[in-house]
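Asks: A structural model of the following input is requested.
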Amino acid sequence: MSEAVRVENITAAYRKEPVLRNVSFALPQGRLIGIVGPNGAGKSTLLKAVLELIPKSSGNVEILGSSVRSQKKNIGYVPQRGNVDWDFPTNALDVVMMGRYAQIGWLKRPSKKDKALAVEALERVGMKEYADRQISQLSGGQQQRVFLARALIQDAQVYFMDEPFAGVDATTERAIIDLLKELKEKGKTVIVVHHDLQTVTEYFDWVLLLNQRLIACGPVEQTFTSELLQKTYGGRLSFIQQENLKI
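Replies: Numbering: from 1, shown residues only. Predicted structure coming up:
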């Protein structure tokens, strides 16, 4: 099975306090993968460390068999909404167009084809009519759809998404997961930080359980078990109704 991502012994810290400790795993290509763990487990930190958005204390990462830097054009990233400056004066179409800069270069003007692709991406996420709307004037769910469109226009091979379902309504969540499954069907690898345990078995076919250290990584049916969830969440799992977890 070809690997989309290989991580070896990543350690990362904030203010000298370790958040990730010697995390190693390999993720296969063409899968929809959930990263699951309690608050403070280091899920978002893991994405940022893998993508070299924050420094690592140690460790090595390969995307599609080579360095992250050499695979930039093949990587799509959707950050958490809370990490974005929504007051930046730009409209939805321009935000999506940013996803094309890796192909066209920052100093070149987008072509008619680039603009057409951006409009098409907005249409795919149900946001075409908001193309000229300032990003700050959109709702949380609409903003999330725009950032998803920006990732789609990159036509990447591996997508990293940090809680794309957080703060969106049920309709938007369904639209997003349908698109992610469509990407998977096209052979793309989609890696998603996710917090809702009740939808893990419905949404993903592979799961990574994390709590500062790697607890387990593998197919959902083998990895998303009561025993491994207890190791991941400890006492914090007690508030979750076991009958609602499809395990």
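
Asks: Tell me the helix or strand right after the longest helix along the chain.
Replies: Looking across the chain with DSSP state H, the single longest helix is helix 170-185. Next helix or strand after helix 170-185 toward the C-terminus (DSSP states H and E): strand 189-193.

Asks: Could you figure out how far that following strand is turned away from helix 170-185?
Replies: 140 degrees (axes from the mean of the first three to the mean of the last three Cα atoms, to 10 degrees).

Asks: roughly how far is strand 189-193 from the heart of the chain?
Replies: Mean-position distance between strand 189-193 and its chain equals 5 Å (Cα atoms, centre = their mean, to the nearest Å).

Asks: what's that strand packed up against?
Replies: Here strand 189-193 touches strand 3-14, strand 17-28, strand 32-36, helix 43-50, strand 158-162, helix 170-185, going by 3 or more Cβ pairs under 8 Å, 6 or more residues apart in numbering; DSSP states H and E. (C-beta placed from N, C-alpha, C; glycine too.)

Asks: Any stretches of the chain with poor pLDDT?
Replies: For the chain, the stretches flagged by pLDDT under 70 are 1, 82-86, 102-108, 110, 235-247.

Asks: Need the residues that contact the longest helix of the chain.
Replies: Contact with helix 170-185 is made by 30-32, 124-126, 141-142, 144-145, 148, 152, 159, 161, 164-165, 168, 190, 192, 203, 205, as judged by Cβ atoms under 8 Å, 6 or more residues apart in numbering.

Asks: please redo it, this time with the cut-off set to 10 Å
Replies: With contact meaning Cβ atoms under 10 Å, 6 or more residues apart in numbering, helix 170-185 is reached by 30-33, 76, 78, 124-126, 139-142, 144-145, 148-149, 151-152, 156-157, 159, 161, 164-166, 168-169, 188-190, 192, 196, 199, 202-205.

Asks: Okay, and which of those map to helices?
Replies: Among the contacts of helix 170-185, DSSP H puts 124, 140-142, 144-145, 148-149, 151-152, 202-203 in helices.

Asks: ok, back up a step: from the contacts of helix 170-185, list just the buried residues.
Replies: Neighbour counting by 16 or more other Cβ atoms under 10 Å classes 30-33, 76, 78, 124-125, 141-142, 144-145, 148-149, 151-152, 156-157, 159, 161, 164-166, 168, 188-190, 192, 203-205 among the contacts of helix 170-185 as buried.

Asks: which ones are touching the residue lying closest to Ile63 once chain neighbours are set aside?
Replies: Nearest-residue entry for Ile63: Gln71, 4.3 Å, with adjacent residues in sequence omitted and distances by Cβ to Cβ, 6 or more residues apart in numbering. By Cβ under 10 Å, 6+ apart, the contact list for Gln71 reads 61-65, 156-158.

Asks: Turn those residues into CSV, including distance to Glu182.
Replies: CSV is the format used below for the contacts of Gln71 (distance: Cβ to Cβ, whole Å):
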residue, distance to Glu182
Val61, 27
Glu62, 26
Ile63, 21
Leu64, 20
Gly65, 25
Ala156, 14
Gln157, 15
Val158, 16
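
Asks: Looking at those residues, which is nearest Tyr14?
Replies: Lowest distance from Tyr14 to those (Cβ to Cβ) belongs to Val61, with 18.6 Å.

Asks: Could you pull up phi and psi at that closest one?
Replies: Per-residue torsions, Val61: phi -130, psi 140 (degrees, to the nearest 10).

Asks: bridging residues for it?
Replies: Per DSSP bridges, the residues bridged to Val61 are Val7.

Asks: OK, contacts around it?
Replies: 5-8, 10, 49-52, 67-68, 71 are the contacts of Val61 under Cβ under 10 Å, 6+ apart.

Asks: Out of those residues, grab the one that's most surrounded.
Replies: Counting neighbours by other Cβ atoms under 10 Å, Val50 leads these with 26 neighbours.
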